[in-house]
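Trainee: The sequence and its predicted three-dimensional model are supplied below.
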Amino acid sequence: MNTTIVECVANYSEARRAEVVDAIAESITAVPQVVLLDRHSDDDHNRTVLTFAGPPDEVADAAFRSIATAAALIDLDDHHGEHPRIGATDVVPFIPISGIGMSECVELAQQVGRRVAGELNIPVYLYEEAAVQPDRRNLENIRRGEYEGLKVEIEKDAKREPDYGPSELGRAGATVIGARHPLIAYNVYLATADVSIAKKIARTVRNSSGGLRYVKALGMLIDGCAQVSMNLTNYKSTAVGRVVEFIRREAARYGVSVASSELVGLIPEDALVDAAEWYLQLDHFDPEQILERRLRAALAGGSQDTAGRGNAEFLDALAAGTPTPGGGSAAAYTGAAAAALVAMVASLTIGKKKYAAVEAQMSSVLEQAIELKAGLAAAVEQDADAFAAVMQAFKMPKDTAAVAMERTKAIAAATMHAAQVPLQVARMAVAVMGLAEQVVAEGNLNAITDGGTAAAMAHAALMGAGYNVRVNLSGLTDSSVTNALLSELGDLEERATKLDKTVRNHLQNRGGLHLA
């Protein structure tokens with residue numbers, strides 16, 4: 001079973017012609033292994049959001065096919081709707097879900113972008129994590145002036161040149177492609193037709209105007225009702241419930257109330273659980289108290305403690321006397337646990353008045369820690385797969401000189417990959433140490449030892465990964481390559497030693513710990 005899963009939440013500038021949306025959806029589902037998870041069309045916005053997922057290459061192909069279909073069927077010169085847009089396929093983000101990191105989703109975005117530009121002659125802009133220009137990280141900057149404005153500016157203003165493709169727009173417009181974390185598209189309707197109130201509230205709540213971090217918002221009139229239309233880009237740091245209450249209080253200032261709200265597309269289960277926990281003021285709540293979660297665990301043959309079950313399975317496999325998983329996987333697993341601890345300390349700091357001055361810093365730490373946790377967790381399996389590939393190369397036949405040469409090349413390539421996987425773990429482990437140093441220096445004092453533990457575990461992960469890098473490189477003969485990798489590893493170890501010393505100083509001076 002393929003455990004590498006990418007999600008794509010593509011936005012198309014059409015909702016009123018069902019046959020066009022059907023054709024776009026069919027171009028996606030025609031790709032094997034790609035599953036259409038959700039379809040949301042809004043007539044007022046004249047926009048459809050299709051959410052689909054599957055293995056990376058297949059999702060990339062489905063995205064390209066959908067862009068080609070939309071380009072053939074949507075003419076932006078005849079398009080009108082409330083939502084800002086610059087393309088028939090307006091925006092295509094790739095989102096890591098399982099067994100894949102953000103960097104790989106960035107590569108996927110670049111790959112699809114080049115193909116769209118080369119084969120369809122459509123200008124492509126890269127955004128969010130895939131952006132190559134800092135001012136293009138935010139989608140709003142790219143969509144400024146919408147299709148009509150871009151059609152003029154793209155030919156005259158060098159700053160509006162696309163990352164790929166021609167500097168002119170056809171009737172399919174341009175497409176924005178990128179990589180990002182899970183996003184919640186969420187709209188709040190006000191009990192008024194006065195759109196100016198929605199616009200004022202949107203200006204107050206959105207991050208770019210000094211509002212809540214990780215909130216993007218617009219005010220608009222939809223079917224006679226004022227709407228605050230939002231994208232919540234990090235629900236773990238800025239919870240949905242907090243956003244709704246912010247809007248409710250702002251609306252009360254203008255003498256109106258919240259009439260209703262709606263989701264566009266899908267929402268992570270944890271986001272709803274967080275909202276319920278916050279609104280109901282559930283103290284000491286454990287998500288495993290949810291009946292359906294407990295049932296899923298029981299019916300799957302697991303224990304009641306699903307987290308403990310996952311840990312036990314990995315530790316049992318580690319102790320099984322088989323070559324994999326081994327030390328490299330254990331190092332990655334330890335690094336992932338360290339990143340999780342950093343995220344915990346950052347979360348315990350955010351929202352506390354005492355630490356308001358470092359809230360933005362801790363929010364950034366939290367976001368980075370979550371991404372590193374995912375990358376290190378994926379490396380647990382990647383390390384085992386890399387070792388298995390080396391063993392498979394050694395099993396290749398060597399009957400003739402030509403076959404033996406191919407075997408030698410395969411062994412060298414597999415061994416190099418087996419060295420690069422733990423080297424990447426080493427890089428991520430040092431990055432975790434850097435974040436741990438920040439939470440120990442500035443984070444919630446009540447959790448300072450948790451930050452110190454994270455730093456120690458990340459250092460151990462680096463050491464374990466380093467052993468695996470060195471043992472694999474010892475089997476290679478190309479000294480120019482091995483020396484470069486060993487030099488980088490040495491630099492990482494030197495940086496880790498300095499970080500370890502700094503963390504210990506913080507623990508002694510700020511935490512009052514007496515360390516030998």
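Mentor: It's in.

Trainee: Ala276 against Gln289, yeah?
Mentor: No: counting by Cβ atoms under 8 Å, Gln289 is not a contact partner of Ala276; they are 11.1 Å apart. Yep, even glycine has a C-beta here, placed from its N, CA and C like the rest.

Trainee: Neighbour count: these two, which is higher?
Mentor: Here Ala276 and Gln289 are compared on neighbour count by other Cβ atoms under 10 Å; more neighbours surround Ala276, at 14 against 10.

Trainee: What's the separation between Arg430 and Ala339?
Mentor: One thing to correct before we go on: residue 430 is Val, not Arg. 12 Å (Cβ to Cβ, to the nearest Å).

Trainee: Domain ranges for this protein, per the record?
Mentor: 5-179, 184-267, 322-509 (automatic domain parsing).

Trainee: Same list (these) but as TSV, adding mean neighbour count, distance to Leu315 and mean pLDDT.
Mentor: Putting the domains of the chain into TSV (neighbours: other Cβ atoms under 10 Å; distance: least, Cβ to Cβ, whole Å; pLDDT from 0 to 100) gives the following:
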stretch	mean neighbour count	distance to Leu315	mean pLDDT
domain 5-179	20	20	94
domain 184-267	18	27	93
domain 322-509	19	9	90
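
Trainee: if we can go back for a sec, any common contacting residues for Val430 and Ala339?
Mentor: Ala458 (Cβ atoms under 8 Å, 6 or more residues apart in numbering).

Trainee: residue boundaries of the strands in the stretch 201-350 of the chain?
Mentor: 215-222, 225-232, 258-264 (DSSP state E, counting those that start in this stretch).

Trainee: contacting residues for the nearest residue to Ala461 once chain neighbours are set aside?
Mentor: Excluding the flanking residues, the one nearest Ala461 by Cβ to Cβ, 6 or more residues apart in numbering is Gly335, at 3.5 Å. By Cβ under 8 Å, 6+ apart, the contact set of Gly335 is 372, 376, 379, 425, 428-429, 432, 457-458, 461-462, 465.

Trainee: what do you get for Glu262?
Mentor: 186-187, 189.

Trainee: quick one: which of those is nearest Ala496?
Mentor: Of all the contacts of Glu262, Ala496 sits closest to Tyr186, with 40.8 Å by Cβ to Cβ.

Trainee: That closest one: which element?
Mentor: Using DSSP states H and E, Tyr186 maps to strand 184-190.

Trainee: So which elements touch that strand?
Mentor: Contact here means 3 or more Cβ pairs under 8 Å, 6 or more residues apart in numbering; DSSP states H and E; on that basis strand 184-190 packs against helix 195-205, strand 225-232, helix 240-253, strand 258-264.

Trainee: and the angle for the third one with helix 195-205?
Mentor: So the one you mean is helix 240-253. 130 degrees (axes from the mean of the first three to the mean of the last three Cα atoms, to 10 degrees).

Trainee: do the same with the second one
Mentor: Taking the same axes, to 10 degrees, one finds strand 225-232 and helix 195-205 inclined to each other by 20 degrees.

Trainee: Can you give the strand pairings for strand 225-232, parallel or anti for each?
Mentor: strand 184-190 (antiparallel), strand 215-222 (antiparallel) (DSSP bridges).

Trainee: would you turn those into JSON lines with distance to Ile67?
Mentor: Formatted as JSON lines, those follow (distance: least, Cβ to Cβ, whole Å):
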{"stretch": "strand 184-190", "distance to Ile67": "20"}
{"stretch": "strand 215-222", "distance to Ile67": "23"}
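
Trainee: Between the ones you listed, which one is closest to Arg294.
Mentor: strand 184-190 (25.4 Å).

Trainee: Dump the closest one to CSV, keeping only the CA atoms.
Mentor: C-alpha atoms of strand 184-190 as CSV (Å, rounded to 0.1, in the frame of the first residue of the first chain):
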residue,chain,number,x,y,z
ILE,A,184,-9.2,26.0,6.4
ALA,A,185,-11.4,28.0,4.1
TYR,A,186,-14.0,29.4,6.4
ASN,A,187,-16.8,32.0,5.9
VAL,A,188,-18.8,33.8,8.6
TYR,A,189,-22.1,35.4,7.6
LEU,A,190,-23.4,38.5,9.4
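
Trainee: Contacts for that strand next, please.
Mentor: Residues contacting strand 184-190 (Cβ under 8 Å, 6+ apart): 49, 197-198, 201, 222, 225-232, 235, 240, 243-244, 247, 251, 256-265, 267-268, 271.

Trainee: now swap in stretch 411-428 and tell me
Mentor: Contacts of stretch 411-428 (Cβ under 8 Å, 6+ apart): 328, 331-332, 335, 339, 372, 375-376, 379, 382-383, 386-387, 389-390, 392-394, 396, 461-462, 464-466, 468-469, 472-473, 475-478, 481, 485, 488-489, 492.

Trainee: at 7 Å what do you get?
Mentor: Contact with stretch 411-428 is made by 328, 331-332, 335, 372, 375-376, 379, 382-383, 386-387, 389-390, 393-394, 461-462, 465-466, 468-469, 472-473, 475-476, 485, 489, 492, as judged by Cβ atoms under 7 Å, 6 or more residues apart in numbering.
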